[in-house]
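Student: dropping a prediction and its sequence here:
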Amino acid sequence: MIWFSWRQFRTQTIVAAGILVVVAIVFGITGLHLHHQYDTVVKHCASHADCGSVTSAFQSSDHLLQHFVQAGGILLPALLGAFWGAPLVAREFESGTFRLAWTQSVSRTTWLMGKFAVVALAAVVTSALFTAMATWWATPFDHLNNSPFSGFDARDIVPIGYALFAVTLGAAIGLLVRRTVAAMALTFFSFAGVRILLTDYVRPHFATPLRYVTAFIAPFQSSSGGAPSAITKGGPGANAWILTDTTLSRTGKVIGQNGGIGPNGEFNVDSIGHHRDVLGGLGICPNRFPSPPAHLAGQRINIGPNPAMMRAMETCINSFHLQSLFTYQPASRFWTFQWYELASYVVLSALLTSLSVWWVRRR
Amino acid sequence: MLSVLLGGGPKLTSVLTTEALTKRYRRKTALNDCTLALPEGRVVGLVGPNGSGKTTLLNLAAGLLSPTSGSLKVLGEAPSDDPKHLERVSFVAQDTPVYSALTVEDHVSYGAHVNPRWDRDLAERRIEDLGLDPRQRAGKLSGGQRSQLALTLAIAKRPEFLILDEPVAALDPLARREFLQVLMETVADQHVSVVLSSHLVADVERVCDYIVILVSSRVQIAGDVDDLLATHHRLIGPRDADAPTGQVVIESSYTDRQSMLIVRSDGPVADPGWLVEAINLEDLVLAYMGQGRRLDRGVSADSSGS
């Protein structure tokens, strides 16, 4: 059965091998250049004065390919699911050949497992090769960005789990709906749905997040322009995956999210006239803001890029002694998370396979 | 007599028996309360109009469908996907599906891989006799060649029971004759029971020695073709005469002065008032199909005159 399943699948594997060879050539040539560039120029730029411009010039090189690595890592499993998984069984129903297959001296379980095994192996090998190449190619950028969790989905081992799951899902959907095109579309969208659900609601909980409390620093106060400077000082580190960034009042009451005051991370100052200004929901600022026109009394003040306004804001915020509470996953957990995520998708694939066997037997 | 009481007696072995077999889909009933038995070692023609349940019955027998209610036995076993059972039965599905992207050779290797009883010599000889190019893709074969390939796979499996669902329906007359020719040779060479469904009586007449007429899931009549032809007659007589006694009227039609009846009788028809003619299989089948239709609509044979 394995032999025959492979024979049916031969064309697809040859096409995939061809594409992988092209990708390997492109990655090989550009990647070697990138690594060389990184090792000789970027790595030692700390000794030079213009390190910033060297780094940003390097980061914008091979822009298209950088996108390809990220998008390819995310799209490849979905495409494998739609083009390899979905037609696997659906086509047999559509062309009626299941009547030929099911009346040979082979049980349906064996038949289905043979098909699943071949397509699963092909998907695992294809995605493993692609991801290995992409991960190697992107190493210089990943070193530079120092944010392992931002490229999590397209690096190392998790894409193998995605690909395995995608083809199993496609095959199972094909078995259910029995029409190739419908199964392809359904596979694509349901795979995307599962990925989003697991990424947003399951991945953050693979390990209990760490907590870090520090004095609140408004984003526009930090010189490099954002919260990261607040977290790097003895906190999670810039390479951590920040799950929540909550602003607390002096008494520990939650008064804002995402590094701001208010649920959306905004900073609002309401002028109530006579230079009595209110910081959104907190109270009256002890200081006065640069003269808002009298006719704007009661309206919201736009801070804008006005240095005087920013300074006034800073004074006002500091007077409330706010705190920031971060929950985060440290970069050191990257590999733990890779393995947990891979395991989740392998378990889901096994579940779908058993469901498919049960389904094909009960007819 | 004793054996009858004991429910035993000389066992007439059946390759396929069904008991109140019913297959319902969400909205329509494809086979309703069908009870029949197909004898072993015969070439059985299963005849009936479209929608009479032939395909459903044969798919149930091949184990591709499971019944909603009732039961069936194939070679004494309930159809299953147990390889031990599957290797005893071959099925050629309607439209003879094959893998269009694969070559003739691939199909033969496939058969060899998945069937323990596979007869490699037979398969290769058949491909050669048919003049098929082993490297030809199955999708490029003509309808006749494709059905021959499907038949080759079915018979090289060396089954005890060969099920064919409308195997020649889509073929031109020449391809049809060649297909049936091969089928007859196979039956002569191997000890294999065959059931073949068709709505074309001429095909059935050419190869089958036993016939089952199915109308709306009901068996109108089943029997040896020669026996049936010997016991059915066409009677022509005066318009107002009653049918001779001892005859079962299957179909009757009238002109102003004449009555024409198709009847079943076990003995000879002695009534001198009636002209007795032999009938052919086509007439017989049409008569029973007509009867089945009328029973469906709840009218009797006699009230359907002219």
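Tutor: Thanks, I have it.
Student: quick one, helices of chain B?
Tutor: All helices of chain B, identified by DSSP state H, fall at B:2-6, B:54-61, B:83-86, B:104-114, B:120-130, B:143-156, B:173-189, B:201-207, B:225-231, B:281-297.
Student: quick check: residues of chain A near chain B?
Tutor: Residues of chain A that fall close to chain B, judged by CB under 8 Å from any CB of the partner chain: A:1, A:3-4, A:7-8, A:11, A:95-100, A:102-110, A:361, A:363. Any C-beta I mention is one placed from the backbone N, CA and C, and that applies to glycine too.
Student: which parts of chain B sit against chain A?
Tutor: So chain B meets chain A at B:59, B:62-66, B:81-83, B:86-87, B:89-91, B:93-95, B:97-102, B:106, B:109-111, B:113-117, B:150, B:153, B:157 (CB under 8 Å from any CB).
Student: buried subset of those?
Tutor: Buried members of these, counted by 16 or more other CB atoms under 10 Å in any protein chain shown: B:59, B:62-65, B:81, B:83, B:86-87, B:89-91, B:93-95, B:97-99, B:102, B:106, B:109-111, B:113-115, B:150, B:153, B:157.
Student: out of the helices of chain B, flag the one nearest residue A:21.
Tutor: Among the helices of chain B, the nearest to residue A:21 by CB to CB is helix B:104-114 (25.9 Å).
Student: residues contacting the spatially most central residue of chain B?
Tutor: A centroid search over chain B (CA atoms, centre = their mean) returns residue B:46, at 2.0 Å, as the residue closest to the centre. By CB atoms under 8 Å, 6 or more residues apart in numbering or on different chains, residue B:46 lies in contact with B:54, B:57, B:58, B:195, B:196, B:197, B:198, B:212, B:214.
Student: most surrounded residue in those?
Tutor: residue B:57 (29 neighbours; other CB atoms under 10 Å in any protein chain shown).
Student: residue B:17 is in contact with that one, correct?
Tutor: No: using CB atoms under 8 Å, residue B:57 is not in contact with residue B:17, being 11.8 Å away.
Student: show me where the chain dips below the pLDDT cut-off.
Tutor: In the absence of a named chain, this looks at chain A. By pLDDT under 70, the weakly predicted segments of chain A are A:46-49, A:218-234, A:262-281, A:288-306, A:363.
Student: let's do chain B instead
Tutor: Applying pLDDT under 70 to chain B flags the ranges B:1-12, B:298-306.
Student: 80 instead?
Tutor: B:1-12, B:170, B:240-247, B:266-273, B:293, B:295-306 (pLDDT under 80).
Student: ok, the nearest residue in space to residue B:18 that is not next to it in sequence to residue B:57 distance?
Tutor: Spatial nearest neighbour of residue B:18, excluding adjacent residues (CB to CB, 6 or more residues apart in numbering or on different chains): residue B:72 at 4.3 Å. Look at residue B:72 and residue B:57: by CB to CB, to the nearest Å, they are 9 Å apart.
Student: cool, residue A:347 as well?
Tutor: Distance from residue A:347 to residue B:57, by CB to CB: 43 Å.
Student: same check on residue A:118?
Tutor: Relative to residue B:57, residue A:118 is positioned 34 Å away (CB to CB).
Student: what does residue B:93 give?
Tutor: In terms of CB to CB, residue B:93 sits 13 Å off from residue B:57.
Student: what does residue A:213 give?
Tutor: Separation of residue A:213 from residue B:57 (CB to CB) stands at 75 Å.
Student: for residue A:192, same thing?
Tutor: Distance, residue A:192 to residue B:57, by CB to CB: 44 Å.
Student: who's in contact with the residue positioned nearest the centre of chain A?
Tutor: For chain A, the residue nearest the mean C-alpha position is residue A:153 (5.2 Å; CA atoms, centre = their mean). Applying CB under 8 Å, 6+ apart to residue A:153 gives the contacts A:73, A:74, A:159, A:162, A:199.
Student: in chain A, which helix is the longest?
Tutor: As assigned by DSSP H, the longest helix anywhere in chain A is helix A:108-145.
Student: what are the ranges of the helices in the stretch 101-250 of chain A?
Tutor: Secondary structure of the stretch 101-250 of chain A (DSSP state H, counting those that start in this stretch): helices at A:108-145, A:158-177, A:180-197, A:228-232.
Student: in JSON lines: those, plus mean neighbour count and distance to residue B:265.
Tutor: As requested, the helices of the stretch 101-250 of chain A are arranged in JSON lines below (neighbours: other CB atoms under 10 Å in any protein chain shown; distance: least, CB to CB, whole Å):
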{"stretch": "helix A:108-145", "mean neighbour count": "20", "distance to residue B:265": "50"}
{"stretch": "helix A:158-177", "mean neighbour count": "27", "distance to residue B:265": "55"}
{"stretch": "helix A:180-197", "mean neighbour count": "18", "distance to residue B:265": "57"}
{"stretch": "helix A:228-232", "mean neighbour count": "19", "distance to residue B:265": "102"}
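Student: out of these, which is closest to residue A:335?
Tutor: The closest of those to residue A:335 is helix A:158-177. By CB to CB, the value is 10.7 Å.
Student: packing partners for that closest one?
Tutor: Helices and strands touching helix A:158-177, by 3 or more CB pairs under 8 Å, 6 or more residues apart in numbering or on different chains; DSSP states H and E, are helix A:63-80, helix A:86-95, helix A:108-145, helix A:180-197, helix A:334-362.
Student: for the second one, packing partners?
Tutor: Meaning helix A:86-95. Under the contact criterion of 3+ CB pairs under 8 Å, 6+ apart, helix A:86-95 touches helix A:98-101, helix A:108-145, helix A:158-177, helix A:180-197.
Student: same list (those helices) but as TSV, adding distance to residue B:239.
Tutor: As requested, those are exported to TSV (distance: least, CB to CB, whole Å):
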stretch	distance to residue B:239
helix A:98-101	52
helix A:108-145	61
helix A:158-177	61
helix A:180-197	62
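Student: what's the closest of those to residue A:64?
Tutor: Ranking those by distance to residue A:64, with CB to CB as the measure, places helix A:108-145 first at 12.6 Å.
Student: starting at the chain centroid, how far to the closest one?
Tutor: 18 Å (CA atoms, centre = their mean, to the nearest Å).
Student: report the angle between it and helix A:86-95.
Tutor: Inter-element angle recorded for helix A:108-145 and helix A:86-95: 150 degrees (by axes from the mean of the first three to the mean of the last three CA atoms, to 10 degrees).
Student: next, the angle helix B:104-114 makes with helix A:108-145.
Tutor: If you take the same axes, to 10 degrees, helix A:108-145 sits at 110 degrees to helix B:104-114.
Student: just the angle between helix A:108-145 and helix A:334-362, please?
Tutor: Taking the same axes, to 10 degrees, one finds helix A:108-145 and helix A:334-362 inclined to each other by 160 degrees.
Student: check the stretch 201-306 of chain B for the residue nearest chain A and tell me.
Tutor: In the stretch 201-306 of chain B, the residue that lies nearest chain A is residue B:214 (20.4 Å; CB to the nearest CB).
Student: could you do the stretch 101-250 of chain B as well?
Tutor: Taking CB to the nearest CB, chain A has its nearest neighbour within the stretch 101-250 of chain B at residue B:114, 4.1 Å off.
Student: wait, doesn't residue A:70 sit right on residue A:154?
Tutor: Yes: using CB under 8 Å, residue A:70 is in contact with residue A:154, at 5.3 Å.
Student: span of stretch A:33-50 from start to end?
Tutor: Start-to-end span of stretch A:33-50 (CA to CA, to the nearest Å) is 21 Å.
Student: what does it contact?
Tutor: Under the criterion CB under 8 Å, 6+ apart, residues A:51, A:54, A:55, A:58, A:61, A:62, A:137, A:139, A:140, A:141, A:143, A:144 lie in contact with stretch A:33-50.
Student: go again using 10 Å as the cut-off
Tutor: Outside stretch A:33-50, the residues within contact range by CB atoms under 10 Å, 6 or more residues apart in numbering or on different chains are A:27, A:51-55, A:57-59, A:61-62, A:65-66, A:136-141, A:143-144.
Student: how close does the closest residue to residue A:6 other than its chain neighbours sit to chain B?
Tutor: Distances taken as CB to CB, 6+ apart place residue A:118 nearest to residue A:6, at 5.1 Å, with adjacent residues excluded. Using CB to the nearest CB, to the nearest Å, we find residue A:118 at a distance of 14 Å from chain B.
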